[in-house]
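# Okay, sequence plus prediction incoming.
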Amino acid sequence: MDDATRKQVLRLFTYGLYAITVAEGERRNAFTANWLTQVSFDPPLVALSVENDSASLPMIQRTGRFVINIYRADQRNLAGQLGHSLLTHPDKLAGLSFAETASGAPYLPETLAHVECAVESITPAGDSSVVIARVVDVGRHGSGEPLTMKAAGFRHAG
């Protein structure tokens with residue numbers, strides 16, 4: 001397989017951009033994800049890919065919870081800010097406002113909407129892990145279009 005062609009072809013996949021928020025006790029994190037999709041209507045399930053060396057994966061594993069926040073089309077800068085690792089950018093959450101779901105999970109109220117999820121399974125997948133989770137709560141915060149990788153000008157390595 002030609003490496004350059006592989007990258008070109010895989011970059012044709014379309015992706016949304018999402019802020020994933022997690023909490024364990026008083027510790028919080030938020031990161032930008034793009035490998036996320038709904039995988040079942042009944043029950044409502046989503047799949048999320050999380051890098052194995054992230055600060056958030058152990059939090060998700062221990063708590064069994066996370067929240068998907070759907071970026072508004074004008075939130076490219078926030079997506080870029082949260083795209084940095086908490087391990088190398090410990091101040092990346094500075095200035096963010098969090099709200100909490102009924103169960104106490106953090107979400108970003110300035111986004112279009114949030115989807116609270118409870119982990120069903122976690123499967124190793126190369127340098128990441130695929131988390132299958134049940135949708136347990138949702139909230140709508142505004143109207144407008146969601147941010148996509150293409151509109152943001154972001155590119156996945158392929």
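Right, received. Where do you want to start?

# Might you report the residue contacts of Ser121?
Counting by CB atoms under 8 Å, 6 or more residues apart in numbering, Ser121 touches Val131, Ile132. Quick note: C-beta positions are derived from backbone N, CA and C, even for glycine.

# To which secondary structure element type does it belong?
strand (DSSP: H, G, I helix; E, B strand; the rest coil).

# hey, where'd the strands end up in the chain?
Taking DSSP state E as the test, the strands found in the chain are 18-24, 27-33, 36-40, 45-51, 65-70, 99-100, 106-107, 113-125, 128-140.

# which of the ones you listed is buried the deepest?
Mean neighbour count (mean count of other CB atoms under 10 Å) peaks for strand 65-70 among those, with a mean of 25.

# Alpha carbons of it, in CSV - could you do that?
What follows is strand 65-70, C-alpha atoms only, in CSV (Å, rounded to 0.1, in the frame of the first residue of the first chain):
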residue,chain,number,x,y,z
ARG,A,65,-18.9,8.3,32.4
PHE,A,66,-18.2,11.1,30.0
VAL,A,67,-20.1,13.8,28.2
ILE,A,68,-20.1,14.7,24.5
ASN,A,69,-20.3,18.4,23.9
ILE,A,70,-21.2,19.4,20.3
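
# Need the residues that contact it.
Contacts for strand 65-70 (CB under 8 Å, 6+ apart): 16, 18-23, 30, 33, 36, 46, 48, 56, 60, 101, 103, 105-108, 111-119, 131, 133, 146.
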